[in-house]
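need a 3D model of the sequence below.
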Amino acid sequence: MRVHFISIGGSVMHQLAIALSKKSYQVSGSDDEIFEPAAGNLAAANLLPAQIGWNPQLITANLDAVILGMHAKDDNPELLKAKELGLAIYSFPEYIFQESKEKLRIVVGGSHGKTTTTSMIMHALQYLNKSFDYLVGAKLAGFEQSVSITNAPTIVCEGDEYPASAIERKPKFHFLYPHIAILTGIAWDHINVFPTFEFYLEQFVIFINRIEPGGLLIYNQSDEKLNKLVNDHLRADIRYQPYEVPKHEIVSGVTTVQIGNASGKLLVFGNHNLMNLQAAYYACAQLNIEAADFVKAMANFTGASKRLELLASSENINVYRDFAHAPSKVKASVEAVKQQYPTRKLFAILELHTYSSLNEAFMTEYKNVFDLVDYGVVFYSKHALELKRMPFLSPEKVKAGFAKEGLIVINERDQLEQWMHVQDFTNANILLMSSGNYDGINIFSFAKAITH
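Okay, here's the model as predicted:
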């Protein structure tokens with residue numbers, strides 16, 4: 001097979017390129033910019049383009065597939081050449097499906113918890129020496145890559161609801177056609193992609209309708225919007241498995257969970273993670289994995305990168321970082337930490353970094369997400385607003401939206417650093433939530449400093 005990647009430097013695109021190269025495919029690619037770690041990974045696999053930029057001469061009639069990344073525009077010269085030659089052009093998820101037509105496909109969708117739930121399934125299958133392929137949106141401990149395509153009988157995919165490519169604007173998870181589907185919940189976000197909530201809901205209806213006949217939908221029935229959506233669009237030709245928070249107890253900051261007739265201690269915590277765990281088990285049960293084996297496998301699961309990741313700790317201080325930025329994710333992470341350590345003070349520092357979170361009209365979606373926070377800060381940089389060409393966001397609008405008494409709103413990095421270094425963090429947890437980098441603040445140094 002000869003495969004060419006337009007935008008080979010993408011975070012998952014380059015991983016797929018490496019995976020196909022390991023499968024002995026002839027792989028080529030191009031991009032107009034390639035950053036680390038993609039550049040180093042591609043170089044190590046001898047796949048780094050000889051020169052940066054688009055090169056239509058690489059598009060030849062003997063290519064079996066051209067894979068188009070989101071970074072490439074619809075007037076890309078290589079894309080135009082591929083169309084001219086009548087080549088088979090795929091978005092990333094369309095090509096994943098091509099490689100998995102003969103596999104059992106497990107697809108995890110939903111507005112939150114996708115990466116963690118996918119990671120839990122992968123961790124359990126690896127622990128139990130099951131053969132499988134995968135696609136996941138984060139770096140996971142124990143896995144060299146975030147994409148694996150081999151001859152394994154099963155593939156586990158994180159199902160992203162955002163557009164597949166520049167010429168295929170439909171959501172990625174519409175192209176994966178699962179046999180086993182998971183929906184973790186629905187919370188409207190990314191209003192620049194989904195301008196109305198109704199339009200957002202429609203994408204999940206389409207996903208449900210693309211489950212293979214005889215398949216299984218595992219869904220979070222405690223999510224009212226999702227529960228209604230599922231029951232309003234029932235199919236007679238698939239099976240349904242609702243789930244919610246499983247039985248558990250928390251003793252001295254350690255969670256013990258019961259799954260089926262088995263129980264065990266966990267390193268992860270929070271109701272959202274417990275629900276993710278329950279969903280992952282139901283998927284694994286379809287692969288004939290017993291509850292006892294699943295619980296045993298999950299005992300050393302540490303979570304995906306940036307998902308309530310423990311950066312540093314001391315006797316009475318924990319510092320976590322979390323990818324949370326959408327309101328539902330922020331609320332879930334805050335509740336998880338407070339529930340796990342109810343007697344500790346909770347400091348939460350949230351960076352607004354996405355188009356939605358920096359939109360004044362979206363601020364009311366954050367109402368009450370900081371209710372359990374003792375000391376809260378919302379930070380956003382003027383630089384981020386400039387890069388996204390967005391108007392100034394008034395701190396007063398942010399405060400009004402969050403409706404949290406005593407909330408501090410900061411939009412200067414120096415002011416945030418100053419605030420962080422004068423707080424009394426004795427007997428406290430610090431939750432750093434961001435999809436950005438706090439305008440360059442070294443949170444690792446901060447975490448180490450306050451715990452030593």
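
when you work out contacts or count neighbours from here on, use the C-alpha atoms and nothing else.
Fine.

what's the first-to-last distance across stretch 410-429?
Taking CA to CA, to the nearest Å, stretch 410-429 runs 20 Å from one end to the other.

please apply the same query to stretch 305-323.
Stretch 305-323 has an end-to-end distance of 9 Å (criterion: CA to CA).

what do you get for stretch 173-193?
End-to-end for stretch 173-193, by CA to CA: 15 Å.

buried ones in that stretch?
By neighbour count with 16 or more other CA atoms under 10 Å, stretch 173-193 contains the buried residues 173-190.

which SSE is immediately downstream of the helix or strand where residue 279 lies?
Here residue 279, judged by DSSP states H and E, is contained in helix 271-285. Using DSSP H and E, the helix or strand that follows helix 271-285 towards the C-terminus is helix 291-298.

just the residues contacting that next one, thanks.
120, 123-124, 127-128, 259-264, 266, 281, 284-285 (CA atoms under 8 Å, 6 or more residues apart in numbering).

that one - what's its average pLDDT?
Across helix 291-298, pLDDT averages out at 98.

now it: buried residues?
Using 16+ other CA under 10 Å as the test for burial, helix 291-298 gives 291, 294, 295, 296, 297, 298.

next one: stretch 227-245
Burial within stretch 227-245, assessed by neighbour count using 16+ other CA under 10 Å, is assigned to 227, 229, 230, 238, 240, 242, 243, 244, 245.

between the residues you listed, which sits nearest residue 443?
The nearest member of the buried residues of stretch 227-245 to residue 443, counting by CA to CA, is residue 245 at 31.7 Å.

contact partners for the residue found closest to residue 409 once you drop the neighbours it is linked to in the chain?
Closest residue to residue 409 apart from its sequence neighbours, by CA to CA, 6 or more residues apart in numbering: residue 378 at 4.9 Å. Residues in contact with residue 378 (CA under 8 Å, 6+ apart) are 349, 350, 351, 352, 407, 408, 409, 410.

tell me the helix or strand right after the lowest-mean-pLDDT helix or strand in the chain.
The helix or strand of the chain with the poorest confidence is helix 382-387; it has a mean of 84 (mean pLDDT, DSSP states H and E). The helix or strand immediately downstream of helix 382-387 is helix 395-402, counting by DSSP H and E.

ranking the contacts of residue 378 by neighbours, who comes first?
Neighbour counts for the contacts of residue 378 (other CA atoms under 10 Å) peak at residue 351, which has 27 neighbours.

for beta bridges, what are the partners of that residue?
Legend: beta-bridge partners of residue 351 under DSSP bridges are residue 379.

isn't it right next to residue 324, touching?
No: assessed by CA atoms under 8 Å, residue 351 is found out of contact with residue 324, at 9.2 Å.

need the overlap of contacts for these two.
433, 434, 435.

which of those residues fall within strands?
Within the shared contacts of residue 351 and residue 324, residues falling in strands by DSSP state E are residue 433.

quick one: which of the shared contacts of residue 351 and residue 324 is nearest to residue 199?
Among the shared contacts of residue 351 and residue 324, and counting by CA to CA, the member closest to residue 199 is residue 435, at 24.3 Å.

report the contact partners of that closest one.
Residues in contact with residue 435 (CA under 8 Å, 6+ apart) are 323, 324, 325, 351, 353, 354.

who are the contact partners of the fifth one?
By CA under 8 Å, 6+ apart, the residues touching residue 353 are 325, 380, 384, 434, 435, 436.
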